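> Below are the sequence and a predicted model for it; my questions follow.
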Number of protein chains: 2
Amino acid sequence: MSTTPTVYDVAERSGVSIATVSRVYRNPDSVRAQTRERVLAVARDLGYVPSGNARGLASRSTGVLGLCFPDYSDPDAESEAEAGAGGHGDEADDEAAMLYSDQIIRGMERAARRHGYALLIAASLKGGPESLVAKVAGRVDGFAVLARTVPTEELEVISRRQPVVMLAGPRESNDLDHLDHIEVANADGQRELTRHLIEDHGLRRLAYVGFAEESPDVEARFRGYVEACRAAGIEVGAEPDLRVAMMTQAEGARAAEALLDRPGERPEALLFANDQMAVGALHTLDRRGLRVPQDVAVTGFDGIALSRLVRPALTTVRQPMRRMGEEAVELLVRRLSDRAQGKTEDPVSMTLPVSVARRASCGCRAA
Amino acid sequence: MSTTPTVYDVAERSGVSIATVSRVYRNPDSVRAQTRERVLAVARDLGYVPSGNARGLASRSTGVLGLCFPDYSDPDAESEAEAGAGGHGDEADDEAAMLYSDQIIRGMERAARRHGYALLIAASLKGGPESLVAKVAGRVDGFAVLARTVPTEELEVISRRQPVVMLAGPRESNDLDHLDHIEVANADGQRELTRHLIEDHGLRRLAYVGFAEESPDVEARFRGYVEACRAAGIEVGAEPDLRVAMMTQAEGARAAEALLDRPGERPEALLFANDQMAVGALHTLDRRGLRVPQDVAVTGFDGIALSRLVRPALTTVRQPMRRMGEEAVELLVRRLSDRAQGKTEDPVSMTLPVSVARRASCGCRAA
DNA sequence: ACCTAAGATGAATGCGCTTTCATTCACCTG
DNA sequence: CAGGTGAATGAAAGCGCATTCATCTTAGGT
């Protein structure tokens, strides 16, 4: 217990060299059965477990893939889940708080497992040491990063030494052209959803709520919104009707207040750039006595679990997050084997299709 | 690109020793600002990222915690999700397949993050190489294991060299007494649920479906069931009415068939040892034209997402899986710091409370 | 019985970093 | 100006394993 046993201990106690001990684990068939058994017995006896670090160092590969994602935690969402997932009382539980990143983790884990890899996950602690990525990068053979988790420059540096695939953010302009990249059809989804509101529900006074910081996803979504509006002959500005500081429920609620307080006719539909904001808006509307969707329709984007649990259930655009995780792993694995063979292929960029979930908040189902 | 840069490269190019380069990363304040900047500049230039393996080897600690869990994948559940989560049509998506382990991962990740650790997750590939644990164990400072993922003997060996906490299975008899251990109140939950069926719904002809392999959880649940029955003066055998080979939906469906085909009066309630089996049973009953809960009540155990999505929604016992993950990390962190200080504390064993979710399948809500 | 080839094992080196311990240097103190 | 201090840095010794390459067995062939 005091000092953990190493190859040396096992070798000595079983009367062989450390090379043989190593072989017993790496390549059992190359050791005579009798010797092997003896070594294994001693190992068991001593409580020997090969050090992954040493192994990785010596063989320069870890058998681990990684995922870095931002600290999505939304305090509102947490309390929401505990308080009752939008009024569900005892229905509330962890499920409601399942987010974006959880689905990706799930997808990656599955795929990684199939390929014999383990998965290392780490979220950037807000305001923590900047070295999150470095920490992960140093321990894995390759990894995926959710967009905007890591400073571009740092990523650029790291991607020179190991495969990196960027998730959900369009490839950032210049430096990162050589990164593989997976995104979803943000514009398509928002366009289709908007078209649905306009054509199928006959709504024409729409308002779009986006995100203040530069976010490629949000921009793409807004673009889809604009396209659908223009196609229907509805005039819209070049900017969302409102931009919030964070894409949280609280901000969504506040955004709804602001939009409703604006002079002029009340919008017939509020479109939000993500589900959490939309859920926040639902609360505001409820408090103000406005019925959804009769008085105002509300839509989100993402398709998180909560979107289905709130009342009225939220019409939104579902992203194939799990699949994204799987594709990321496939890509990494391919890169790794390419690299092992000295091949060099051009960076891949794929776009996964999304689908509109028509639920109650736009009027497609009973609340 | 050809060869990844190391401390040596950085040291040479910036005219310092490798010791200084190391300090720049480990203990920046101990290096003169001017020197530090120079080193960092070179590092950035070269694309240097410290090797986690080498670091771990040298400092014998990784900053990573681990989780091993069994391959829960239930093909039925997957297809269920794709086909429509019990008839929900387009409502179907990944959410429905969120399982036990996903919640634990989530809890662990959160807690690990708070303590500055990353999380390594790995599922035992069914029939894969036995070395799953060894792989994980060798790369982390401590880890949690879901019961029955790993042969007891192997765990025993490993736990001698690093903190291990066992999740959800009662401490296995002899060898593993020194393992920390977290479980949920299986018996309490099943007892309360059974009591509810008997007292609040007036049901008396119950049937319990368990798991054939020895499973401490299932045994505890069954024990709770028996206690509640006896307390109500209902006579029950020492064994579940039926034991299945796997706790999957298919097996649950089959179990329901078997129970309904038995001679004698039809049971008023079918209690399953987990949600997935109960969902399978729901299908059988539906196909046979039996109404739930009017003709037969059905209950599960676990509280997975699917349990709420099926129709009728499943009455079940919710486990605080996420919290279990968090507690596991807390325990590991404490152990690690104890160990660092040379302290040795007795193994901890904690039991987390569960809660009964009364939904439609027992008659508590509209279907 | 002798030689050869294949098989099993050992010796030695390096993977990239952390960490004493020792050394150097610039500054203070008296 | 000598002696002393503390800060900054360098030298060197591992950390635990994988992996040639060399050496030693052993079985097979004639």
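Structure's in. What do you need? Numbering: from 1, shown residues only, chains lettered A, B, ... in the order given.

> For the residue nearest to the spatial centre of chain A, identify the helix or strand it belongs to.
For chain A, A:Ser101 is the residue whose C-alpha lies nearest the centre (CA atoms, centre = their mean; 3.4 Å). Per DSSP states H and E, A:Ser101 falls inside helix A:100-114.

> and what of A:Pro240?
Counting by DSSP H and E, A:Pro240 is found in no helix or strand.

> Which residue, other than its chain neighbours, is closest to the residue nearest to the centre of chain A?
In space, A:Ser101 comes closest to A:Phe69 once its chain neighbours are excluded; the distance is 4.5 Å by CB to CB, 6 or more residues apart in numbering or on different chains. Any C-beta I mention is one placed from the backbone N, CA and C, and that applies to glycine too.

> For burial, what's the neighbour tally of the one you found?
26 (other CB atoms under 10 Å in any protein chain shown).

> Now for it: which residues touch it?
By CB atoms under 8 Å, 6 or more residues apart in numbering or on different chains, the contact list for A:Phe69 reads A:101, A:104, A:121-124, A:145-146, A:149.

> and if we set it to 7 Å?
A:101, A:123, A:146, A:149 (CB atoms under 7 Å, 6 or more residues apart in numbering or on different chains).

> give me the low-pLDDT residue ranges for the stretch 101-250 of chain A?
By pLDDT under 70, the low-scoring segments of the stretch 101-250 of chain A are A:126-131, A:170-177.

> Okay, helices next: where are they in it?
For the stretch 101-250 of chain A, the helices defined by DSSP state H, counting those that start in this stretch cover A:132-137, A:152-159, A:186-195, A:201, A:216-231, A:249-261.

> could you dump the last one to PDB, C-alpha only?
Taking Å, rounded to 0.1, in the frame of the first residue of the first chain, the C-alpha atoms of helix A:249-261 are listed here in PDB:
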ATOM      1  CA  GLN A 249     -33.600  31.600 -19.100                       C
ATOM      2  CA  ALA A 250     -33.300  34.700 -17.100                       C
ATOM      3  CA  GLU A 251     -32.200  36.600 -20.200                       C
ATOM      4  CA  GLY A 252     -34.900  35.100 -22.200                       C
ATOM      5  CA  ALA A 253     -37.500  36.200 -19.700                       C
ATOM      6  CA  ARG A 254     -36.100  39.700 -19.700                       C
ATOM      7  CA  ALA A 255     -36.000  39.800 -23.500                       C
ATOM      8  CA  ALA A 256     -39.700  38.900 -23.600                       C
ATOM      9  CA  GLU A 257     -40.500  41.700 -21.300                       C
ATOM     10  CA  ALA A 258     -38.600  44.100 -23.400                       C
ATOM     11  CA  LEU A 259     -40.200  43.100 -26.600                       C
ATOM     12  CA  LEU A 260     -43.700  43.200 -25.100                       C
ATOM     13  CA  ASP A 261     -43.100  46.700 -23.700                       C
END
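
> between the helix holding A:Ser101 and helix B:100-114, how many degrees?
Put simply, helix A:100-114 runs at 110 degrees to helix B:100-114, going by axes from the mean of the first three to the mean of the last three CA atoms, to 10 degrees.

> What residues of helix A:100-114 count as buried?
A:100-113 (16 or more other CB atoms under 10 Å in any protein chain shown).

> wait, what's in contact with A:Val356?
Contact partners of A:Val356, counting by CB under 7 Å, 6+ apart, are A:189, A:192-193, A:196, A:317.

> mind putting those residues in a markdown table, neighbour count and distance to A:Arg311 included?
Converted to a markdown table, those look like this (neighbours: other CB atoms under 10 Å in any protein chain shown; distance: CB to CB, whole Å):
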| residue | neighbour count | distance to A:Arg311 |
| --- | --- | --- |
| A:Gly189 | 24 | 23 |
| A:Glu192 | 16 | 24 |
| A:Leu193 | 27 | 20 |
| A:His196 | 18 | 20 |
| A:Val317 | 27 | 20 |
